[in-house]
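1. Using only what follows, build the 3D model:
(one chain, ligands or ions: 2)
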Amino acid sequence: MQNPFREAEFLLGATHLDQLPEDTGAELAFAGRSNAGKSSALNTLCGRKALARVSRTPGRTQEINVFQLPPDGRHRLIDLPGYGYAKVTPRQREHWNRLIGHYLRERESLAGLVLIMDVRHPLTPLDDNLLQWLGPQSRRLHVVLTKADKLSRSEAQRQLYATRKGLEDRGLDATLQTFSALKREGVEDLQSLLLEWLKEADPDAAASRPKGGQKDAPATGE
Ligand SMILES: Nc1nc2c(ncn2[C@@H]2O[C@H](COP(=O)(O)OP(=O)(O)OP(=O)(O)O)[C@@H](O)[C@H]2O)c(=O)[nH]1
Ligand SMILES: [Mg+2]
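-> Ligands and ions are numbered 1, 2, ... in the order given. Reported below is the predicted structural model:
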């Protein structure tokens, strides 16, 4: 299958759920602490330098940013606002928390969540907050320990094992990997997993059909 992520396009930034596109198809959301490296991971996934803004100032991505995937936007990538940025008013923080909480609980088309954590600081209390919002309906969860270039290979592996244990202790069924946007490590693993999720979430999707061509007859009627 060709890589749809390379042709992701920015669609809109939403500060309220009602600004999001119609809740159909399949979305893959990226969440994580402010400055964890979400936007960088998204850019690396898509092989683009500046698809999602990368900030030097933490907390820059304050909206739910929506990127549509070819050919028709039925599949989308979502860059959620980072949590845990200290320099915001309690009101703003409350607004973001509610926004992300509602998104995770209510978004029907959310096929899976990619939780981005700094490999040096995985599973902070704020990450736990987010994981609670995911709720018992247990959406697909993939944990990306990024900035792996900041540690030696063996240290990064140790963090990976510790995080896997931490997730198991919380009763969470998640896949996980190390990643580096800087060194472009782990990109293919992330791409193939997310493609798999899209296929599972929406097997009849237009994305897997040749444009304008004959589509395969599904085994069970559409
Ligand atoms: N060394 C290293 N630095 C990284 C990596 N990924 C991101 N960074 C740096 O970490 C900082 C934050 O990256 P962003 O991608 O903007 O993080 P974010 O999670 O989107 O942050 P907010 O949108 O502000 O919440 C930037 O200075 C990046 O250059 C990585 O894999 N390795
Ligand atoms: Mg960002």
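2. Next secondary structure element downstream of the longest strand along the chain?
-> Counting by DSSP state E, the longest strand found in the chain is strand 110-118. Sequence order places helix 125-134 as the next helix or strand after strand 110-118, per DSSP states H and E.
3. helix or strand right after that following helix?
-> strand 140-146.
4. What are the buried residues along the helix or strand just after that following strand?
-> Note on strand 140-146: by DSSP H and E, the next helix or strand toward the C-terminus is helix 153-169. Buried residues in helix 153-169, counted by 16 or more other C-beta atoms under 10 Å: 156, 159, 160, 163, 167. The C-beta positions use only the backbone N, C-alpha and C, and glycine is treated the same way.
5. What does the pLDDT read for the residue nearest the centre of the chain?
-> Against the mean C-alpha coordinate of the chain, by C-alpha atoms, centre = their mean, the closest residue is residue 30 at 2.1 Å. Looking at residue 30, its pLDDT is 96.
6. report the angle between the axes of the strand or helix carrying it and strand 110-118?
-> Here residue 30, judged by DSSP H and E, is contained in strand 26-32. Interaxial angle, strand 26-32 versus strand 110-118 (axes from the mean of the first three to the mean of the last three C-alpha atoms, to 10 degrees): 20 degrees.
7. between the buried residues of helix 153-169, which is nearest ligand 1?
-> Of all the buried residues of helix 153-169, ligand 1 sits closest to residue 156, with 11.2 Å by C-beta to the nearest ligand atom.
8. what's the distance between that closest one and residue 199?
-> According to C-beta to C-beta, to the nearest Å, residue 156 and residue 199 sit 29 Å apart.
9. Show me the shaky parts of the chain.
-> For the chain, the stretches with pLDDT under 70 are 1, 54-61, 135-138, 205-222.
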